[in-house]
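Colleague: Just the structure for this:
(one chain, ligands or ions: 1)
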Amino acid sequence: MKLATFTEGGSTRIGVVVGEEITDLAAAAPGLPRDMVALLEAGEAALDAARAAADGGGSRLPLTSVKLEAPILRPPKFIGIGLNYKDHIEETGSKTPEYPMIFNKQTTCVTGPGDPVHLPRASHVLDYEGELGLVIGRRCRHVPKERANEVIAGYTIVNDVSVRDWQLRVPTMTIGKSFDTHGPMGPWLVTKDEVSDPHSLHLQTFVNDEKRQDSNTKELLFNCFDLIEHLSTAFTLEPGDVIATGTSSGVGIGFRPPKLLVAGDVVRIEIEGIGVLQNEIIEEPESTTLI
Ligand code: ZN
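Modeller: Below is the predicted model:
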């Protein structure tokens, strides 16, 4: 099942994408929550009810008539993993990490499929990172990797947009990973029952149709299950938490000379079995100043 958050007629709600249509769950299953985190919190029974409503065939809207949003508008946690693909470690000339290199993306950076990504006023050293996003489905702690699949809701695509100079000039990467609009996510959440092996997915990133990244999630150093065991040893994971699992080789900064993003560029990330996430780069508008 492809669960999406969408806006139509001035209201934002959730639905199930079926082909070129979306079942509006607010109409087809009015008893269900209207928000993705609340739906995930409601557990398997709620997901089954959503599935049944979609199978019923009623209350469908053409996908072209709605605006898809990030499937999780404001994840409780948005965690990134640095240096987690073998080819990317080589490209950066870094040592293979002994432990997962965790950082936070501030949740205010989340934006949706098709939404503009800002080339910040503060820096033009802008880069893309196409990544498999793992979404937590159940409140959990101390999860052994053998049981990690039980706490996963599903998968999405994340562009871990990075401002490289801000990222690299201090030891913690958080600020360079957290500029507003630098967490595009979507186009939907594919529930885990539709992803037979999350560690065998072809992943590609294109900039203006030039292929930049071409890898497979089998190259992950710490896979989804390892990450859940590691993270949940320290803290509780909650429904709607998103873990961007890391990027492969082919980021802009890895080219000689670097191929950084400029206004007008379109970044498209494709992951087998998940979908396509596309965003255009624009100059940060004046309207972002809020004082
Ligand atoms: Zn990343």
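Colleague: Spell out which parts of the stretch 151-291 of the chain neighbour the ion.
Modeller: Counting by Cβ under 5 Å from the ion, the stretch 151-291 of the chain comes close to the ion at 160, 247. Using the backbone N, CA and C atoms, a C-beta is placed for each residue, glycine as well.
Colleague: rerun that using 8 Å as the cut-off
Modeller: 158, 160, 162, 177, 244, 246-247 (Cβ under 8 Å from the ion).
Colleague: tell me the secondary structure for residue 264?
Modeller: With DSSP: H, G, I helix; E, B strand; the rest coil as the basis, the three-state label of residue 264 is coil.
Colleague: All further residue positions should be reported with the first residue as 671.
Modeller: New numbering, starting at 671: the last item is residue 934.
Colleague: What are the neighbouring residues in contact with it?
Modeller: Listed by Cβ atoms under 8 Å, 6 or more residues apart in numbering, the contact set of residue 934 reads 950-952.
Colleague: From residue 950, how far out is it?
Modeller: 7 Å (Cβ to Cβ, to the nearest Å).
Colleague: Using CSV, write out every CA atom in the longest helix anywhere in the chain.
Modeller: Longest helix in the chain by number of residues, with DSSP state H as the criterion: helix 714-726. Output of helix 714-726 as CSV, limited to C-alpha atoms (Å, rounded to 0.1, in the frame of the first residue of the first chain):
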residue,chain,number,x,y,z
GLU,A,714,-1.9,-2.5,12.2
ALA,A,715,-5.7,-2.5,12.6
ALA,A,716,-5.8,1.1,11.3
LEU,A,717,-3.6,0.2,8.3
ASP,A,718,-5.8,-2.8,7.5
ALA,A,719,-8.9,-0.5,7.6
ALA,A,720,-7.1,1.9,5.2
ARG,A,721,-6.2,-1.0,2.9
ALA,A,722,-9.9,-2.2,3.0
ALA,A,723,-11.1,1.3,2.2
ALA,A,724,-8.8,1.5,-0.8
ASP,A,725,-9.8,-1.9,-2.0
GLY,A,726,-13.5,-0.8,-1.8
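Colleague: Looking from the ion, tell me which residue of the stretch 671-820 of the chain is nearest.
Modeller: Nearest residue of the stretch 671-820 of the chain to the ion, counting by Cβ to the ion: residue 799, 4.0 Å away.
Colleague: Now that residue. Its backbone dihedrals?
Modeller: Main-chain torsions, residue 799, degrees, to the nearest 10: phi -150, psi 110.
Colleague: Burial check on it, number of neighbours?
Modeller: In terms of burial, residue 799 registers 25 neighbours under the definition other Cβ atoms under 10 Å.
Colleague: Same question for residue 921.
Modeller: The criterion is other Cβ under 10 Å. On that basis, residue 921 has 24 neighbouring residues.
Colleague: mind listing what the one residue in the stretch 771-920 of the chain that gets nearest to the ion touches?
Modeller: Closest approach between the stretch 771-920 of the chain and the ion, counting by Cβ to the ion: residue 830, at 3.3 Å. Contact criterion Cβ under 8 Å, 6+ apart gives 750, 775, 799, 801, 847, 852-853, 914, 917 as the residues in contact with residue 830.
Colleague: Correct me if wrong: residue 781 contacts residue 787.
Modeller: Yes: because the distance of 7.1 Å satisfies Cβ atoms under 8 Å, residue 781 is recorded as touching residue 787.
Colleague: Next, the buried residues of the worst-scoring helix or strand of the chain on mean pLDDT.
Modeller: Taking all helices and strands of the chain together, the one with the lowest average confidence (mean pLDDT, DSSP states H and E) is helix 756-762, at a mean of 86. Neighbour-count burial for helix 756-762, with 16 or more other Cβ atoms under 10 Å as criterion, is recorded at 756-759, 761.
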